[in-house]
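Novice: give me a model of this one.
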Amino acid sequence: MLDILRHAAFRRLFLAQGVALVGTGLLTVALALLAYDLAGDQAGAVLGTALAIKMVVYVTLAPLVGATVPPGWRKPVLVALDVVRASVALLLPFVTEVWQVYLLIALLQSASAGFTPLFQSLVPEILPEERDYTRALSLSRLAYDLESLLSPALAAALLTVISFHGLFAGTSLGFLASAALVLAVRFPTARAPASGSPYARALRGMGIYLRTPSLRGLLSLNLCAAAGGAMVFVNTVVIVRGTLGGAEREVAVALGAFGGGSMAAALSLPWLLDRFEDRRVMMFAAGAMVTTLLCTTIAWFSLGGAISWWGLLPAWVALGMAYAGLVTPGGRLLRRAAPVADLPFLFAAQFSLSHACWLLAYPLAGFVGARVGMQGALTMLCLLAAAGGVAAWRLWPSTHATDSIGGDLR
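Specialist: Below you'll find the model as predicted:
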């Protein structure tokens, strides 16, 4: 899998992704601790709202950015968006009110809504061979997982010598390093802009997505992934600090368990995807996600909420493994569904529609957990994951397991 790093352009893009993700990982820990510092036991509701704002921005802005940025402008736009993210991160340590958190998160994520789909659409242009692209996807997923594993560990180490406010400076440095690496990448030759207005191009990406059976299944599986991910990202800090009586470093350890599970799955995916079709792998991951949430829900009810570390950490590892199996192969499905000229619009559509799933899952995890308790949040998210898995099974039949370019455009 590491052989793919011999491609110089991809290597620099991968490093840019890596350093930005380290910064994002520090932001995840710091934001959870900031929410607990401002809101106490209501931190889950604060995080749920902040992450819902992030999803609204992603859903509304990503398709427009993907459709309006000309191919020749991708590099300066990506660099500018990284600089914006770095600047906003430096302001977060100075907030004193919850509404200020919401405002700055909206600004930061507006930049991310433009950056991520543009960045993702470059990789299949740089690596046109599917075998190379599959390994690039797995390596990219591994980078996300290493961030989930190593950033909490790094945060735990840093928290022994600094307050959590200092983690925001690490976030800013990660974005600035990403901008510098993007500047060093030789981008593919700029294509002629696609015909039509930006609005028409954005709708074209959505149209290809929603008419392709495998991508309709992918959207449903994104809902399943969001259910498990939201439970971890929103409620870990509440469970660890409240139920388990842990400190800031223990929050980082619990988040690292999720990342470790995801990383283990990502390492095995190139081998699996060489031998089994994407649909089979992803549906198995959906079953694992639902089963893990169901078992955790039953255990929570049986123990009256008195969950232990030995119950939490294995569940979080299993959720991480299922999550990686659900989201990693998605790029392969997108690449097959459209010609290269349409990939930016298709990746923007995926970014927008998948985050609509998170827009549903994040508030559900936060507000139900705050008002009803973790058992209520687990129950609702288990049902949501099951609904996503069943919908994927019906919307993506095995006869359309591999949609070629253009998909089913009837």
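
Novice: for the rest of this, base every contact and every neighbour count on C-alpha atoms.
Specialist: Fine.

Novice: which stretches in the stretch 101-250 of the chain count as helices?
Specialist: 130-158, 167-183, 198-211, 213-238, 248-275 (DSSP state H, counting those that start in this stretch).

Novice: those helices: which one's closest to residue 392?
Specialist: Nearest to residue 392, of all these, is helix 213-238, at 4.2 Å by C-alpha to C-alpha.

Novice: relative to helix 248-275, how tilted is that closest one?
Specialist: Helix 213-238 runs at 160 degrees relative to helix 248-275, counting by axes from the mean of the first three to the mean of the last three C-alpha atoms, to 10 degrees.

Novice: before we move on, back to that, winner for burial among the helices of the stretch 101-250 of the chain?
Specialist: helix 213-238 (a mean of 27; mean count of other C-alpha atoms under 10 Å).

Novice: that older thread, turn the helices of the stretch 101-250 of the chain into JSON lines, including distance to residue 35 and mean pLDDT.
Specialist: Shown next, in JSON lines, are the helices of the stretch 101-250 of the chain (distance: least, C-alpha to C-alpha, whole Å; pLDDT from 0 to 100):
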{"stretch": "helix 130-158", "distance to residue 35": "16", "mean pLDDT": "66"}
{"stretch": "helix 167-183", "distance to residue 35": "14", "mean pLDDT": "87"}
{"stretch": "helix 198-211", "distance to residue 35": "35", "mean pLDDT": "74"}
{"stretch": "helix 213-238", "distance to residue 35": "9", "mean pLDDT": "92"}
{"stretch": "helix 248-275", "distance to residue 35": "12", "mean pLDDT": "83"}
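
Novice: now the ones you listed as a markdown table including distance to residue 302?
Specialist: A markdown table is the format used below for the helices of the stretch 101-250 of the chain (distance: least, C-alpha to C-alpha, whole Å):
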| stretch | distance to residue 302 |
| --- | --- |
| helix 130-158 | 30 |
| helix 167-183 | 38 |
| helix 198-211 | 41 |
| helix 213-238 | 19 |
| helix 248-275 | 22 |
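
Novice: looking at those helices, which is closest to residue 94?
Specialist: Comparing those under C-alpha to C-alpha, the one sitting nearest is helix 167-183, at 10.2 Å.

Novice: so which of the helices of the stretch 101-250 of the chain is nearest residue 86?
Specialist: Residue 86 sits nearest to helix 167-183 of all those, at 4.1 Å, using C-alpha to C-alpha.

Novice: which stretch among the helices of the stretch 101-250 of the chain comes nearest residue 76?
Specialist: helix 167-183 (8.0 Å).
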